[in-house]
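In: below is the sequence, then the predicted model.
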Amino acid sequence: MTAVQISAQDLFQAAYENRYTWDPQFPGYSADITYTQDGKVFTGQARVSSDLKAEVLNVEDEEAQKAIHGQLWETSIHRVRRSFEDTHSKNTFSYGKTDETGAVEILMGGKAEGDYYKLRNNEVCLVHRHIHGVVVTINTFSSQDTGEGYLSHRYDSVYHDPQTQAQKGGKSLFEDTYEKIGAYWILNRRAIQTEAENGTVTQDFVFSNIQLL
């Protein structure tokens with residue numbers, strides 16, 4: 001007898017459900033924030049409510065406030081627990097190629113036509129998605145196993161125009177670290193290096209004194 005191959009949808013669903021997310025009882029948290037951009041330092045407080053609304057307090061510089069808020073929102077949106085059915089019921093899945101690292105390509109059809117992912121060791125290691133009129137490609141190089149799902153540790157992202165394929169802006173390299181506060185893993189540092197015309201732009205977000213609400 002030959003082994004029955006797992007379907008592309010089942011393989012993708014297993015990796016989707018292996019992501020670390022916050023449960024519905026998540027109470028929210030507060031933290032002190034130190035944001036450094038190319039040598040300039042901004043400090044203040046951050047708060048994420050139980051419904052994952054982000055607030056930045058006592059940061060007067062508007063650009064710095066927006067940057068901090070953007071990272072809080074971005075992090076929280078990835079912790080939302082949504083069922084596979086809710087997120088992907090209008091999509092179809094098929095196998096693509098397997099690369100030299102053993103990563104398996106999953107090609108999307110249906111509502112997500114044109115998107116694709118790569119999976120390795122029950123984790124999504126590449127995302128290629130059309131979002132808000134651009135194409136984003138995210139390569140994950142390492143992850144952290146929390147025992148309750150994985151969190152991406154080092155990864156990069158780059159945007160392209162979906163029509164012309166021209167790159168929009170510089171590629172960004174991220175490094176995230178998390179700590180467990182009570183029952184929940186919460187981001188305590190995100191370092192970002194972004195390619196720019198005149199060198200590399202560095203941003204460092206450090207969250208300390210993290211407390212659940």
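Out: Structure received. Keep in mind that this is a model prediction, so the values were computed, not measured.

In: how far away is the residue positioned nearest the centre of the chain from residue 187?
Out: For the chain, the residue nearest the mean C-alpha position is residue 78 (5.7 Å; Cα atoms, centre = their mean). Counting by Cβ to Cβ, to the nearest Å, the gap from residue 78 to residue 187 is 10 Å. Yep, even glycine has a C-beta here, placed from its N, CA and C like the rest.

In: repeat that for residue 198.
Out: For residue 198 relative to residue 187 (Cβ to Cβ), the value is 29 Å.

In: name whatever forms a beta bridge with residue 92.
Out: For residue 92, the beta-bridge partners are residue 109 (DSSP bridges).

In: my guess is it meets residue 109, correct?
Out: Yes: with contact defined as Cβ atoms under 8 Å, residue 92 counts as touching residue 109 (3.8 Å).

In: mind listing the helices for the chain?
Out: 8-17, 62-77, 84-88 (DSSP state H).

In: columns mean pLDDT, mean neighbour count and distance to residue 169 on top of the ones you listed, output as CSV?
Out: Below are the helices of the chain laid out as CSV (pLDDT from 0 to 100; neighbours: other Cβ atoms under 10 Å; distance: least, Cβ to Cβ, whole Å):
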stretch, mean pLDDT, mean neighbour count, distance to residue 169
helix 8-17, 96, 17, 28
helix 62-77, 95, 17, 14
helix 84-88, 93, 12, 27
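
In: for residue 124, which of these is the nearest?
Out: helix 8-17 (5.3 Å; Cβ to Cβ).

In: what does that closest one rub up against?
Out: Helix 8-17 is contacted from outside by 84, 87-88, 92-95, 104, 106-107, 117, 119, 122-124, 149, using Cβ atoms under 8 Å, 6 or more residues apart in numbering.

In: narrow these to those that are buried.
Out: 88, 93, 104, 106, 107, 117, 119, 123, 124, 149 (16 or more other Cβ atoms under 10 Å).

In: which parts of this structure are strands?
Out: Per DSSP state E, the chain carries strands over the ranges 28-37, 40-49, 54-57, 91-98, 104-110, 116-120, 123-131, 134-145, 150-160, 167-181, 184-196, 199-212.

In: OK, contacts around the residue nearest to the centre of the chain?
Out: 19, 21.

In: phi and psi next, for it.
Out: Backbone torsions for residue 78, taken as degrees, to the nearest 10, come to phi -80, psi -10.

In: quick check: it vs residue 66, distance?
Out: 19 Å.
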